[in-house]
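> make a model of this:
(3 chains)
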Amino acid sequence: MQYTKLTDFQVENFQTDLIEWFKENQRTLPWRENKDPYRVWVSEIMLQQTRVDTVIPYYLNFMREFPTLEDLAYAEEDRILKAWEGLGYYSRVRNLQTAVREVVEEYDAVVPRSRVDISKLKGVGPYTAGAILSIAYGQPEPAVDGNVMRVLSRVLEIDEDIAKPKTRKTFEEVLYELISKEDPSSFNQGMMELGALICTPTSPGCLLCPVRTHCRAYKKGIQDTLPIKSKKKKAKRKRMAAFVIVNETGQVLIEKRPETGLLAKLWQFPNVEVDSHSFNKENMALSLSEQVGETIILGDRIQKVEHVFSHIIWDIEVYQAKIEAVGIEDATHRWVDHHQIEEFAFPVSHQKIIKHYFDGV
DNA sequence: AAGACGGGGTC
DNA sequence: GACCCAGTCTT
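A predicted model of the protein is given here:
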């Protein structure tokens, strides 16, 4: 039985027009060299909420460091985080390693071919499952991302709010009918490529579009009103104070962030969240001395950093500080010089502190 | 269903 | 400043 949203829709002609266009116009990208499921998998994780141009250099470096699924499975966690440094959403790479270890142990190092099994892997949601199954294994599984929802909302004039979790399922149901059974890989990639190159969020290039004859929104001239997407709330501000603590040999103190939550397991300079009331230097020197277990002498403010996340804004005031000793290390604290610090993965906000401090020293 | 989770590019 | 990006996990 045909899905009602495809009534009077030329399914086969649409598939052909899309796939022909994709084969002629697809970009040359490093993850399109072959269909190795591991390579496809890594690319799909990196591409989550991240643009192609941003991903390319990370992908090349990552595949050089971890060419096979086993290489990644046996790698040290600090190394995979360093390879991800600056990409954001760091749980992606920790989940990816958990998942490839699962594949090595439970699936004889072969990426599962069924949606049920592949979806059990950490970090593999409905989109990534469909992308790997269709691109690496040629299976007719939908892969619904932001591009696909935008393109299809226009082509089929679907006006559900794409910010709602439930809406993704609407698109998946249609796509099980609409996807090419002969070339699911080119179909899915074609939908995404079309969304990236032609059917863009603002001012779509309808006159260049290979499927405009099929497009209901274009026919009505309402392509700019779709998709419907509700707004999200804006980020909240947090004031922080961070400290570049220097010992007698010129090393600085860094610490590892907690295992869960924001920027989990990355390294940073010791810092505290401050509200406007408790913001005084005596207070900070004291609590800092407690943290480090030695007397800290708080120096000048040397930098201000504003860093914007999707849900938080950090306003960081950076202070220099001195310790009258060599300084003690434990599992989560290290004293490092400007060479050693390169080996640790820092969030971009604290990379700004590293750059400013060591450029000035 | 809504919030947590990064960072960068664009208008 | 707001939006968006080849989304997923947790609550």
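> give me every residue in chain A lying close to DNA strand C.
Chain A has residues A:29, A:43-44, A:47-52, A:89, A:91, A:95, A:122-129, A:131, A:145-147, A:150, A:165, A:189, A:192-193, A:195-196, A:201, A:229, A:231-232, A:234, A:310 near DNA strand C, with proximity defined as Cβ under 7 Å from any atom of the strand. Bear in mind the C-beta positions are built from the backbone N, C-alpha and C, glycine included.
> hmm, 6 Å instead?
Within chain A, the positions near DNA strand C by Cβ under 6 Å from any atom of the strand are A:29, A:44, A:47-52, A:89, A:95, A:122-128, A:131, A:145-147, A:150, A:189, A:192, A:195-196, A:201, A:229, A:231, A:234, A:310.
> and those, which of them are buried?
For the residues of chain A next to DNA strand C, a neighbour count by 16 or more other Cβ atoms under 10 Å gives the buried set as A:44, A:47, A:52, A:95, A:123-124, A:126-128, A:131, A:145-147, A:150, A:189, A:192, A:195-196, A:229.
> now, those residues that are in helices?
Mapping those onto helices (DSSP state H) picks out A:44, A:52, A:95, A:126-128, A:131, A:146-147, A:150, A:189, A:192, A:195-196.
> quick check: the farthest pair among the residues you listed?
For those, the farthest-apart pair by Cβ to Cβ is A:Asn95 and A:Arg150; their separation is 26.3 Å.
> and the strands in chain A?
Secondary structure of chain A by DSSP state E: the strands cover A:236-246, A:252-256, A:267-268, A:271-273, A:296-308, A:312-323, A:333-336.
> mind listing what's buried along the fourth one?
This means strand A:271-273. Neighbour-count burial for strand A:271-273, counted by 16+ other Cβ under 10 Å, picks out A:Asn271, A:Val272.
> please see if that strand touches DNA strand B.
No: residues of strand A:271-273 are not located near DNA strand B by Cβ under 6 Å from any atom of the strand, the shortest gap being 12.6 Å.
> each with direction, which strands does that strand pair with?
According to DSSP bridges, strand A:271-273 has the following sheet partners: strand A:236-246 (antiparallel).
> equivalent analysis for the longest one, please.
Partner strands and pairing direction for strand A:296-308 (DSSP bridges) are strand A:312-323 (antiparallel).
> could you pick out which of the residues of chain A next to DNA strand C are near DNA strand B?
Okay, of these touching DNA strand B (Cβ under 6 Å from any atom of the strand), that's A:Gln49, A:Thr50, A:Tyr89, A:Ser310.
> by pLDDT, give me the weakest of the residues you listed.
For these, the least confident position by pLDDT is A:Ser310, scoring 90.
> wait, doesn't it sit right on A:Lys234?
No: using Cβ atoms under 8 Å as the test, A:Ser310 is too far from A:Lys234 to be in contact (9.9 Å).
> list the contacts for the residue lying farthest from the centre of chain A?
The centre of chain A is farthest from one residue, A:Glu324, which by Cα atoms, centre = their mean lies 41.4 Å away. Counting by Cβ atoms under 8 Å, 6 or more residues apart in numbering, A:Glu324 touches A:Glu248, A:Glu294, A:Thr295, A:Ile297.
> next, it: phi, psi?
phi -90, psi 60 (degrees, to the nearest 10).
> quick check: it vs A:Ile245, distance?
Using Cβ to Cβ, to the nearest Å, one gets 11 Å for the distance from A:Glu324 to A:Ile245.
> now swap in A:Ser287 and tell me
The gap separating A:Ser287 from A:Ile245 is 13 Å, by Cβ to Cβ.
> so between these two, which is more surrounded?
Neighbour count, other Cβ atoms under 10 Å: between A:Ser287 and A:Ile245, A:Ile245 has more, with 26 against 13.
> correct me, but that one touches A:Ala321?
Yes: contact criterion Cβ under 8 Å: A:Ile245 and A:Ala321 qualify, at 4.6 Å.
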